[in-house]
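1. sharing a model prediction with you, sequence too.
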Amino acid sequence: MKLKRLKDQLGESLSWSDYLSLPFTQTVITETLRMGNIIIGVMRKAMKDIEIKGHLIPKGWCFFAYFRSVHLDESNYDWPYQFNPWRWQDNKDISSCNFTPFGGGQRLCPGLDLARLEASIFLHHFVTQFRWVAEEDTVVNFPTKNTNQAPAQTLKFHLYPSSQGIQNGWEKPLTS
Ligand code: HEM
C-alpha cells in the first residue's frame, strides 16, 4: 500500500528495485504454490530398477511424482491445510526437496523467476486497487475442471474497485 501511494504521488510505474522491496509478496506466492499449484506433479520413466522406502519401481515403468502429497504432508509443514505465508518468513529455504512447485534437477522450470515476477505484479495491482469477499473460505486447486464428468471447481467472490483511493471503503461490486 505504501509503495502504491508513493508511486502514485511520483507518477512512476513499478521498477525492479520495487519488486525486490516486496519480500512478503514472495511469501504469499510461495504459500500459494505450496497449497494450490497449477502443476501437481511430474511424470518420469525409471531407467533402472529403483527402490524407494521398500517399494520397487521396475526399470521401464512410468511413475508420477506427486508434489501435492509432499506439500500437504504434516511431517513437512505444520498445519499444512492452513494458508500461512508467514511460515516462509526469515528467508526459510525454498529450495528443499519438500518444496518443488517448479520441479527440480535438470528439468527445473526455467520460467520460475518470470512466473514469480508476473504473479508479484498481478498481486500488487490486485490488492492495491481492488477488494473482494469470497463466498466460501476454501482452497481451489487447479485444474479447476478435472474430467468431463466432474463438476468444475470454482471460487465465487465479489470484487470491488477501490478507485477512490486504497484507504476508502467498499463500493459497488464489479462482479459476483
Ligand atoms: C507458476 C508458474 C509455473 C509453474 C508452477 C511451472 C512449473 C514447472 C514444472 C514443475 C516443470 C518441470 C516439468 C518436469 O520436470 O517434467 C516446468 C518445466 C518447464 N517450464 Fe515451467 N512453470 C511455470 C511457469 C513457467 C514459465 C513462465 C515459463 C516460461 C516463460 C516456463 C517454462 C518451462 C519450460 C520450458 C519447462 C521445461 C524445462 C525442461 O524440460 O528442461 N514455466 N515448469
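-> Now that the structure is in, tell me what you want to look at. Numbers count the residues shown, from 1 in each chain.
2. the residue in the chain that the ligand sits nearest to and Pro80, how far apart?
-> Residue nearest to the ligand within the chain: Gly111 (2.1 Å; Cβ to the nearest ligand atom). For every residue, glycine as well, the C-beta is placed using N, CA and C. To Pro80, Gly111 is 26 Å away according to Cβ to Cβ, to the nearest Å.
3. what about the helices in the chain?
-> Along the chain, counting by DSSP state H, helices occupy 2-10, 16-20, 23-36, 67-71, 112-129.
4. what's the burial count for Pro23?
-> 10 (other Cβ atoms under 10 Å).
5. try Leu3
-> Using other Cβ under 10 Å: Leu3 sits among 14 other residues.
6. tell me the pLDDT at it?
-> Each residue has a pLDDT score; the one for Leu3 is 81.
7. which one is it nearest to, not counting chain neighbours?
-> Asp18 (6.0 Å; Cβ to Cβ, 6 or more residues apart in numbering).
8. same list, the helices of the chain, but as JSON lines with distance to Pro58 please.
-> Shown next, in JSON lines, are the helices of the chain (distance: least, Cβ to Cβ, whole Å):
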{"stretch": "helix 2-10", "distance to Pro58": "54"}
{"stretch": "helix 16-20", "distance to Pro58": "47"}
{"stretch": "helix 23-36", "distance to Pro58": "32"}
{"stretch": "helix 67-71", "distance to Pro58": "22"}
{"stretch": "helix 112-129", "distance to Pro58": "32"}
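9. rank those by pLDDT, which is bottom?
-> When I compare the helices of the chain, helix 2-10 is least confident, with a mean of 81.
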